[in-house]
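Peer 1: next comes the sequence, and after it the predicted model I'd like to discuss.
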Amino acid sequence: MESHEGAASGRDCVLDFSRLSLNTFNGDSVGDQRKKDTKQLYLNYNRLTSLPSSLSLFCNLEFLDISNNGLTTICEGITRLVKLKTLLAKNNRLNEFSLPKKFGSLQLEVLNFSGNRFEEIPLQCTKLVRLQSLSVGGNRLKSIPSEIESLPCLEMLYLGGNLISAIPPEVANLPRLTYLVLCDNRIQGVPPQLTRLHSLRSLSLHNNLLTYLPREILSLVHLQELSLRGNPLVVRFVKEMTYDPPSLLELAGRTIKSRNIPYFPHELPSNLLRYLDLASKCPNPKCAGVYFDSCVRQIKFVDFCGKYRLPLMHYLCSPECTSPCSSNPQSDAESEDEHSVQADRLQRVLLG
């Protein structure tokens, strides 16, 4: 078995066994001294179904690429690679049960599990306290564990191409997070807590199920890229919004709430008391009305970092509120509708 040794400085050694169609990697064929000197080891694009225990003899290994194989497990021996900083294991058959229990004890800084069969992010990964980059894209993830907040050094989190339906607020507890990629999922909302990500530069949310963005996202003043294409928020640019007239029940409830008519628990059935508690105030500052089930949906654009406009969904109590709302002098950032905003100003935010 011949290794392709790349350029290295001093006694550092790079061993490249990629694309050799190996059925197994025979680590014993490499001399003991070379094992100790090897800093980078490439075993990608082979037919490996498991890693040999001899892998642990590469005691100074810092970079390991085992991508594009047929691996279903990662052996316990990998936990003895105490200097390993980068592990690339893309496009294998790994899942949340494939990692050794002590995997979290590694000093990894870069971990790539994209293109595997993970339905959950293994909790061992949330114990990699030095991890700076985590990629688990193109898997079968349905959620992001709250334990993700245990990665204080994380700068890049790539979870695109999964089945994730929600962003847990714990993501906001990652102080160094700079790149957050959640495209091609099933996410329906963005938690306002994400505004605590003061280091965030790029947020990819395209091809999800978003219908609105929280106003708080405007406080992400360092955000340079926001990708929203392929969401109902953008696709519908909704002006064809239907408005169902309020029911008699709602009209009565609106009257009680807007006119502050007093009522007491012993006077009304419990279901009506619960209904009255569901009243939502109209966001139009010139309107004192409320709504329950019947409301007017409206897209308004607000200023984004002084350069772009972000679409936000408003829910108003009646069609008459749409014009006064936009003319409110205290809401200058909301005063432009979609016809008055130039396309090139929206492109980077909406389609980037």
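Peer 2: Arrived safely.
Peer 1: going by C-alpha atoms from here, please, whenever you check contacts or count neighbours.
Peer 2: OK.
Peer 1: which secondary structure elements does the biggest helix by length in the chain contact?
Peer 2: The residue-count maximum for a helix in the chain (DSSP state H) belongs to helix 248-258. When contacts are defined as 3 or more Cα pairs under 8 Å, 6 or more residues apart in numbering; DSSP states H and E, helix 248-258 packs onto strand 290-291.
Peer 1: for the strand it packs on, packing partners?
Peer 2: Using 3+ Cα pairs under 8 Å, 6+ apart: strand 290-291 touches helix 248-258, strand 280-281.
Peer 1: now render these as a markdown table, adding mean neighbour count.
Peer 2: Listed next are the helices and strands packed on strand 290-291 as a markdown table, based on neighbours: other Cα atoms under 10 Å:
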| stretch | mean neighbour count |
| --- | --- |
| helix 248-258 | 16 |
| strand 280-281 | 18 |
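Peer 1: which one of those lies closest to Y42?
Peer 2: Evaluated with Cα to Cα, the helices and strands packed on strand 290-291 place strand 280-281 nearest to Y42, the distance being 59.2 Å.
Peer 1: partners of that closest one, with directions?
Peer 2: Using DSSP bridges, the strands paired with strand 280-281 in its sheet are strand 290-291 (antiparallel).
Peer 1: hmm, who's touching the strand it pairs with?
Peer 2: E250, R254, K257, S258, A279, S280, K281, C282, L316, C317 (Cα atoms under 8 Å, 6 or more residues apart in numbering).
Peer 1: farthest-separated two in these?
Peer 2: So, the contacts of strand 290-291 by Cα to Cα: farthest apart are K257 and L316, at 15.5 Å.
Peer 1: just the terminal-to-terminal distance for stretch 53-62.
Peer 2: 17 Å (Cα to Cα, to the nearest Å).
Peer 1: how about that stretch: buried residues?
Peer 2: L55, S56, L57, F58, C59, N60, L61, E62 (16 or more other Cα atoms under 10 Å).
Peer 1: export those as a markdown table, with columns for distance to L15 and pLDDT.
Peer 2: Below are those laid out as a markdown table (distance: Cα to Cα, whole Å; pLDDT from 0 to 100):
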| residue | distance to L15 | pLDDT |
| --- | --- | --- |
| L55 | 12 | 89 |
| S56 | 15 | 87 |
| L57 | 14 | 88 |
| F58 | 11 | 89 |
| C59 | 14 | 89 |
| N60 | 13 | 92 |
| L61 | 10 | 95 |
| E62 | 12 | 96 |
